[in-house]
Structures are given as structure tokens and as C-alpha cells.
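Asks: Sequence and computational prediction follow.
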Amino acid sequence: MLLRCFTNLLDFYSRCGVEDKIRFHERLYFVQPGGAVDVLQAGVLPAPAHLLGSLLGFKALGFADKLSILRAMTAMRREANRADLDSLTIADWLVSKQSTERAVERFWRPILVSALNEEPDRSSAAPAFQVFLQGMMTTRESYQMGLPAVPLAELYSAALQEKLGAQVRIHRRSLLERIDPSDPAGDFYISAVPFERVGRLLPGLGLQLEKFTHSPITGIHLWFDRSIMDLPHAVLLDRTLQWVFRKTDRYVQCVVSASRSLIELSREEIVELACRELREFFPACRDAELVRSHVIKEARATYSTVPGLQSVRPGPATKYPNVFLAGDWTNTGWPATMEGAVRSGYIAAEAVAGAAGRKASFLLP
């Protein structure tokens, strides 16, 4: 899942020749237990008020909830450059703006948890501001959600190999234990491994990694004997499941970000929970028979966007003049998203080009 505001990711897809394989959705569906549906979509007003009309019509929110959301959104624009945002959680900031509990649970939390892969009471306000302002308020299209129309293997592998050409070799499933910066076999090295592995790959870098921790994501794939939903996707409110995507007529994918509550559960327990909750949202699921299921727990899916982390996220340069860092955990200007990952690669490529005396610019604003 991506957003229209992921400028560098979309540029990367264009470079790979696969931009036409992304389908963008102008409507986001929020569903309550019982099946009531609210739609978030751009109206006639210009940004940043383009979503105001649909938000005011949300049946899942009362008047006081909507008023508190408008108050917080106005304050977010006004306080975007506050120096202390990375020292407090977004939950604390919302409380300071008198956000109602229902507004947090049914509006702020669904958006922020899926964007940051972290709960509001654990996430720094700084990345929350950045994602919300860029994704929901910058342009009339920035909030639109993009989904690949093909499997990820088809989206990346074939296109990348074709674009890279014969001069680049890709070694899949190959173990790399250590990078030796003094080895003359390589002019420059870019490490794009997760933060917990960079110390073994490049000992002695002196990075401040003590504050980095993980946040999990759980994907639940379910195949039924019939269609259970007509919507292409849905944000599910007030339950463990957060998103459900209709992949085919009988196949849905459920996603739970920051899924710590599921890590210790068995596959059977997770599937039973998912089916039980889906029946609350989609009446057709109550008579459907589950044919097949698959659960994927990513315990180390992303880094956790805890307060105080921004100041220790490293840039691309290291103590070695020929070794550079990439990865969404580095200082990309974005949290742990695909946009952040691509930005890290572009930033590292610019650093390598500069070190080689061939200054180049890849990063888009």
C-alpha cells in the first residue's frame, strides 16, 4: 500500500517501467461493526480543506468528534515546525488539543497506525505530523491509496533485472557476513540491511542504535467459498483487524500493523479472530466457509517511531569514505515507509556519486 504523495517511490516505479501496475483509489472506506460505511474522498474545496465535506458526513463520528479533528488539523499546520515534536508522542499532542477519545480511535489511530506501523501512544509526534500533513493535507490527490495490480514479485524482479542490464548481477538468497572497506575488489559499498544487522556487517561504525526497536506487522490471507465483501478495501473500526483488501472474489487480505497482540497467538487463533471480526463487518461472511488460510507474522517489519529517535538516525556517510548507509531507518526525512526506503537509496546514490567526483541529484522534493 502506498500514497499518491510518495513522490520518490512513484519515480522509482517509473524508472522500473512498472508505474502502470499501480491502481490508485480516490475513495477510502471506513466500516463500523454492523456494516455502516463512511467514505473519505476529496470534495469541491481546494487543499487542505478538500476532505472536509466527506469528514463532516462521517456517521462513525459525532459533532464534538468532528470539531476536535478540525481543531487538531488546524493546529497541526500551525505547529508543523515545532522543535519539540520528536520529544512527545502524537497521542499526548492530540490530548493537548482536546481531541475526543472517539476521534482518536476512529480517525487518527486508523490512519496513523497504518502509516507509521506504531500506536499513537508509542509514536513520536514528528513522523505523525510529517505523514499526515504530506498525505492528507498537501494536495487534493496526496491521500489517494495505491495498490499493486500484480504480485510484488512481478512488480519488482523482472522489471529491475531488465532495467539494470547485463552489467549488474543480482545474487538472491546469498549470505554476506562482513564488508571489508579496505578490500580493493569494491570501489564503493552501500549497506541497506536493517539496523539490527549493520553492526555485524560493518563493525565499529559507532552508530547510536540503542533507541531502535522493532514494530511488527501481521498479514492474514483468507480464501472463502464465496465473496464476502463488495468494497475493494476497508478500514475496520474498533477491532483488532485494521485493513481488509479484496484481492479476488473469494480471497481477502487482512492487515494488522503494530500487531504485538498477535505475535504470541497461534496461526489457528489468529485466523479464528479474523473470521470472527469479519463476520461483524460483512454479513455475507457469516454464511461463508473458510477454504484456506495463511498467516504471515513479520516481527521485525519496521523500526518503531518512538520519541527521541530522529536525532540519532544516521545519514548515508560513515567513518569509511567508501561505505554508505541506506535503509528506511536512516535519516530519510520520512518514517518507515516505502517512500522512506526509496529516499534512502537515492540519498545514498547521491553520496556515492559525490564521493566519486560525479555529483548527481536523484532525490525528488
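Replies: That came through fine.
Asks: rest of the way, CA atoms for contacts and neighbours
Replies: Will do.
Asks: what about the helices in the chain?
Replies: Using DSSP state H, the helices of the chain run over residues 7-16, 52-56, 63-78, 90-96, 101-103, 109-116, 125-132, 152-164, 195-201, 260-263, 267-281, 338-355.
Asks: got the buried residues for the fourth one?
Replies: When burial is assessed from 16 or more other CA atoms under 10 Å, helix 90-96 yields the following buried residues: I90, A91, D92, W93, L94.
Asks: Just the residues contacting that helix, thanks.
Replies: Residues from elsewhere that reach helix 90-96, judged by CA atoms under 8 Å, 6 or more residues apart in numbering: A72, V104, P120, D121, R122, S123, S124, A125, A126, A128.
Asks: Please report how far the residue lying closest to the second one once chain neighbours are set aside lies from T74.
Replies: So that's V104. Excluding its sequence neighbours, the residue lying closest to V104 (CA to CA, 6 or more residues apart in numbering) is L94, at 7.9 Å. For L94, the distance to T74 equals 12 Å [CA to CA, to the nearest Å].
Asks: and what of G186?
Replies: 51 Å.
Asks: okay, how far is it across stretch 156-173, tip to tip?
Replies: End-to-end for stretch 156-173, by CA to CA: 16 Å.
Asks: Rounded mean pLDDT for it, please.
Replies: Averaged over stretch 156-173, pLDDT sits at 71.
Asks: Quick one: residues contacting A185.
Replies: A185 neighbours (CA under 8 Å, 6+ apart): none.
Asks: meant to ask about T337, not that
Replies: Counting by CA under 8 Å, 6+ apart, T337 has contacts A115, L116, D328.
Asks: before we move on, what about T138?
Replies: A47, P48.
Asks: same deal with the one 3 residues further on?
Replies: Taking CA under 8 Å, 6+ apart as the contact definition, E141 lies against R4, C5, E26, A42.
Asks: now do E280
Replies: Going by CA under 8 Å, 6+ apart, the list of residues near E280 reads P33, G34, G35.
Asks: now with 6 Å?
Replies: P33, G34 (CA atoms under 6 Å, 6 or more residues apart in numbering).
Asks: again with the one 5 residues further on
Replies: Contacts for C285 (CA under 6 Å, 6+ apart) come out as I228, R279.
Asks: What separation do you get for it and V37?
Replies: 16 Å.
Asks: Then R106?
Replies: 12 Å.
Asks: P127 too?
Replies: 29 Å.
Asks: Please apply the same query to K247.
Replies: 19 Å.
Asks: These two: which is more packed in?
Replies: Ranked by neighbour count (other CA atoms under 10 Å), K247 and V37 place V37 first, with 18 against 15.
Asks: who does the residue lying closest to that one once chain neighbours are set aside bridge with?
Replies: Nearest-residue entry for V37: V31, 4.6 Å, with adjacent residues in sequence omitted and distances by CA to CA, 6+ apart. Beta-bridge partners for V31, by DSSP bridges, are V37, L236.
Asks: Verify the stated contact: V31 with L236.
Replies: Yes - in this structure, V31 is within contact of L236 by CA atoms under 6 Å, at 5.2 Å.
Asks: returning to what we had before: turn the buried residues of helix 90-96 into CSV, including distance to T218 and pLDDT.
Replies: As requested, the buried residues of helix 90-96 are exported to CSV (distance: CA to CA, whole Å; pLDDT from 0 to 100):
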residue, distance to T218, pLDDT
I90, 23, 98
A91, 23, 98
D92, 26, 97
W93, 28, 98
L94, 27, 98
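Asks: Can you pull the domain assignment for the protein?
Replies: For the chain, the structural domains run 28-143, 214-303, going by automatic domain parsing.
Asks: ok, now which ones touch P316?
Replies: P316 neighbours (CA under 6 Å, 6+ apart): F324, L325, A348.
Asks: redo that, cut-off 10 Å
Replies: With contacts defined as CA atoms under 10 Å, 6 or more residues apart in numbering, P316 is in contact with 190-191, 323-327, 330-332, 344-345, 347-352.
Asks: mind checking the end-to-end distance for stretch 179-193?
Replies: 12 Å.
Asks: try stretch 79-96
Replies: 13 Å.
Asks: quick one: pLDDT of the residue nearest to V37?
Replies: Taking V31 on its own, its pLDDT is 98.
Asks: ok, which stretches of the stretch 201-350 of the chain are strands?
Replies: 214-224, 233-236, 243-246, 251-257, 290-303, 323-325 (DSSP state E, counting those that start in this stretch).
Asks: Any chance of CSV for those, columns distance to L164 and mean neighbour count?
Replies: Listed next are these as CSV, based on distance: least, CA to CA, whole Å; neighbours: other CA atoms under 10 Å:
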stretch, distance to L164, mean neighbour count
strand 214-224, 31, 20
strand 233-236, 34, 23
strand 243-246, 32, 20
strand 251-257, 32, 22
strand 290-303, 27, 16
strand 323-325, 20, 23
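Asks: In TSV: the ones you listed, plus mean pLDDT and distance to N81.
Replies: TSV is the format used below for those (pLDDT from 0 to 100; distance: least, CA to CA, whole Å):
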stretch	mean pLDDT	distance to N81
strand 214-224	98	27
strand 233-236	97	30
strand 243-246	97	31
strand 251-257	97	28
strand 290-303	97	24
strand 323-325	96	27
